[in-house]
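sequence and predicted model, in that order:
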Amino acid sequence: MNPRHLPRFVIAPVALAAAAVVGFGPSAGAVEAACGQPGTPAVYDTVQHPAVVTAVPAVTHLEWRWERTVPTTEVEYSRVTAAAQGTWTWSRSVDVLEREYVRTVVDRAAAPAVDEQSHVETRVVVPAVVSVLWEYVQQQTGNTRWEVEGWNAGNGGKGWSPTGATQEVEVTPAQTEQVTVVDVPGVPAVTELSHVEHTWVQGGDAAPVGSTATGATRVAGSVLDDVELPDGETPAGDGWVRGEWTQTAAAQTEEIWLLEGDLAPDGYDATGHTRAGTPAVGQTTETSATAPAGDGWAPVAGSETTVEDAAAYDREDEPAWTELVLVTPEVPATDDCPTEPTDGDGDPEDTDEPGDTDEPAVEEPAEEDLLDGDVVVDQEEGEVLGVVESRTPAADALPATGAGAEPWMLGLGAASVLAGLGLVRGRGKHAAR
C-alpha cells in the first residue's frame, strides 16, 4: 500500500464516525429542519506529508603509515693520539785495550799438625743366645708360670692357658771385645804452596782483588760496543750505528665507528674492521592502504586512519507533498420561514425568493488558491483524508437544525477527531525516520 494514501484509509472511518455523531446526530432528533437557517460553507485544511529520506553512509577505507628495519654496516677508523715510546740500540766496533795485573795466588795454605783423637768401644763378637718364654695361668688355682711355647701340648693342656705375655731369657751370654775408634785422625803440619798469576784486564774493568798493575798494555782485539738509549737521544762518540727498536709503551689511539659510506674526520684512517651496525628504522610520512614496494614493511602502531572516499548524504526516495482535507462538509441554507399576515401597518413582508439567504455566497476553493502538491478529490459528507486542525469554531460548524446536540455526542465526535490526528502524526514521524 502506498504510504501516501495510508492516512486516508486510517482516518476515513474515524471521520465518518465523528460526522455521524456530530453532523447527523441532531438531524435524527429533529422532526423537521428549522426554517430560515443560513448555509454553512465546507471547511478544508491541509495535511503536510514529509519526504521519505534514506541516510546513505559514507564510503571509507583504512590507511596506515609504514615502517621497516634495514640492516647497516659500520666501519672502524683510528687515529694516533700519543706516539709509541721505546728505546733504540746503538752499536759500534771498539778496540779492546788490556792492562796487565799480577798477584800471588796461594795454591795450598800452610797448616799446623793436628793430634789424633779416639775412644774405646765394646763390640759383640758372638751374639747371645736367648729363648722366648710364654706366661701361662692355671685355670683352677690362677697360678702363673713361664714356659716355652707348646710345652703343655696346646692351649688348655694340663689346665694351663697362655696369657699372651712373653719374655726373653738369655741362654748363652754374648762374646764381646774392646775396640779403639778414631774420632779425629792426626794430621801432620803442611807448608804453604803459591804462584804468581798475570792477568790482563780490559780498560775500565775492575782489577782482581790483591793484584797490582805492571803498567803493561796490549790490544786484545775489537768488540761490538752497544748502548740502548730512549728515542730521540744518541750516544757520544763516533762510529755509532742505530739498531733495533724496543717498544716500552704502546701508542695511544682513538677508534670510532661510522656507518659505511660516511666520511671520516681528518686524521682518521680505516683499520679494515667492520661490524653490524644498529638497524635503521625507515618510516613513510604519508599513509597508504598497501605497503610500499620492498620487503619487511609493517604498519606503524597507532597510525591507522580512516579515509573518506565518498561523503555521507541523505537520499530523497519520495518528495514531501501536501493534501487538502475536508474538515466540515457544506450545510445548505434552509428555506425561509413563512411570513405572518399583517393588517397593512408595519414593515412589508419579506419577498425573498425561495432559497435566497442573507448570507454571502461561499466560494469553493479555487485551483490557484491551493498549494503545490495539494490534492482535491471528490468527497462525501464526513470523509476526512488527513489530519486537520479546524479553522472554524465547532459551534459554527454544526448545522443549525433547530435541535440541540447531546453533550455526549459532541465529546464522542471530538475524541474521534483527536484519535485520527494522533494516528496520522504517528505515521508521519515513522515515515520521516
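Nice, thanks for sending it over.

and residue 267, its phi and psi?
Backbone torsions of residue 267, given as degrees, to the nearest 10, read phi 90, psi -10.

wait, it touches residue 77, no?
No - using Cβ atoms under 8 Å, residue 267 and residue 77 do not qualify as a contacting pair, with a distance of 9.3 Å. Yep, even glycine has a C-beta here, placed from its N, CA and C like the rest.

more crowded one of the two?
Between residue 267 and residue 77, counted using other Cβ atoms under 10 Å, residue 77 has the larger neighbour count: 20 against 11.

in which helix or strand would I find that one?
Under the criterion of DSSP states H and E, residue 77 resides in strand 73-82.

how about the helices in the stretch 101-250 of the chain?
Under the criterion DSSP state H, counting those that start in this stretch, the stretch 101-250 of the chain contains no helices.

going along the chain, name the strands of it.
In the stretch 101-250 of the chain, the strands defined using DSSP state E, counting those that start in this stretch lie at 117-126, 129-138, 144-147, 160-172, 175-184, 193-202, 212-230, 241-249.

name every strand pairing with the first one and say which way it goes.
Right, the one you point to is strand 117-126. Strand 117-126 pairs in its sheet with strand 175-184 (antiparallel), by DSSP bridges.

point out where the stretch 51-200 of the chain drops to low pLDDT.
Counting by pLDDT under 70, the stretch 51-200 of the chain has low-confidence residues at 154-157.

give the buried residues for the helix or strand hosting residue 99.
Under the criterion of DSSP H and E, residue 99 resides in strand 85-108. Judged by neighbour count (16 or more other Cβ atoms under 10 Å), strand 85-108 contains these buried residues: 86-88, 90-92, 98-101.

possible to save these as CSV with distance to residue 338?
Output for the buried residues of strand 85-108, formatted as CSV (distance: Cβ to Cβ, whole Å):
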residue, distance to residue 338
86, 158
87, 163
88, 165
90, 171
91, 174
92, 178
98, 194
99, 195
100, 200
101, 197
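
which helix or strand contains the nearest residue to residue 314 once chain neighbours are set aside?
Using Cβ to Cβ, 6 or more residues apart in numbering and skipping residues adjacent in sequence, the residue nearest residue 314 is residue 53, 4.9 Å away. Taking DSSP H and E as the definition, residue 53 sits inside strand 52-56.

pull the CA atoms of that strand into CSV?
Provided in CSV are the C-alpha atoms of strand 52-56 (Å, rounded to 0.1, in the frame of the first residue of the first chain):
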residue,chain,number,x,y,z
VAL,A,52,10.8,9.9,2.6
VAL,A,53,14.6,10.2,3.1
THR,A,54,17.2,7.4,3.4
ALA,A,55,20.5,8.2,5.1
VAL,A,56,23.3,6.8,2.9
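
which secondary structure elements does the helix or strand just after it contact?
Counting by DSSP H and E, the element after strand 52-56 in chain order, helix or strand, is strand 59-63. Strand 59-63 is packed against strand 305-310, with contacts defined by 3 or more Cβ pairs under 8 Å, 6 or more residues apart in numbering; DSSP states H and E.

pull up the pairing partners for the helix or strand that comes right after the strand it packs on, direction included.
For strand 305-310, the following helix or strand on the C-terminal side (DSSP H and E) is strand 313-318. Using DSSP bridges, strand 313-318 pairs in its sheet with strand 52-56 (antiparallel).

list the buried residues in the strand it pairs with.
The neighbour-count check on strand 52-56 (16+ other Cβ under 10 Å) flags 52-53 as buried.

and for stretch 286-302?
287, 291, 297.

between the two ends of it, how far is it?
Stretch 286-302 has an end-to-end distance of 14 Å (criterion: Cα to Cα, to the nearest Å).

residue numbering should commence at 47 henceforth.
Taking 47 as the first residue, the last one we looked at is stretch 332-348.

which other residues reach that stretch?
107-116, 329-330, 349, 351, 353 (Cβ atoms under 8 Å, 6 or more residues apart in numbering).

how about a cut-off of 6 Å?
Identification of contacts with stretch 332-348 by Cβ atoms under 6 Å, 6 or more residues apart in numbering yields 107, 109-114, 351.

tell me where the stretch 297-446 of the chain has helices.
Under DSSP H, counting those that start in this stretch, the stretch 297-446 of the chain gives helices at 440-443.

so where do the strands sit in it?
Assigned by DSSP E, counting those that start in this stretch, the strands in the stretch 297-446 of the chain fall at 298-305, 315-322, 326-329, 344-345, 351-356, 359-364, 367-374.

ok, of those strands, where does mean pLDDT dip lowest?
Note on the strands of the stretch 297-446 of the chain: strand 326-329 shows the lowest mean pLDDT, a mean of 85.

partners of it in the sheet?
strand 112-116 (antiparallel).

tell me which residues of the strand it pairs with come out buried.
Of the residues in strand 112-116, those buried (16+ other Cβ under 10 Å) are 112-114.

if I look at the residue nearest to residue 262 when sequence neighbours are not counted, how far off is residue 263?
Take residue 262 and drop its neighbours on the chain: the residue closest to it by Cβ to Cβ, 6+ apart is residue 146, 4.1 Å away. From residue 146 across to residue 263, the span is 7 Å (Cβ to Cβ, to the nearest Å).

any weak-confidence spans in the stretch 347-479 of the chain?
Residue ranges of the stretch 347-479 of the chain with pLDDT under 70: 387-479.

at 80 what do you get?
Scanning the stretch 347-479 of the chain for pLDDT under 80 picks out 386-479.

domain-wise, how is this structure divided?
52-103+360-387+399-478, 107-129+297-356, 131-150+236-295 (automatic domain parsing).

so the residue nearest to residue 153 when sequence neighbours are not counted bridges to which residues?
Leaving aside its chain neighbours, residue 153 sits nearest to residue 239 (4.5 Å; criterion: Cβ to Cβ, 6+ apart). Bridge pairing for residue 239 (DSSP bridges) gives the partners residue 154.

number of residues surrounding residue 239?
Counted with other Cβ under 10 Å, residue 239 comes out at 11.
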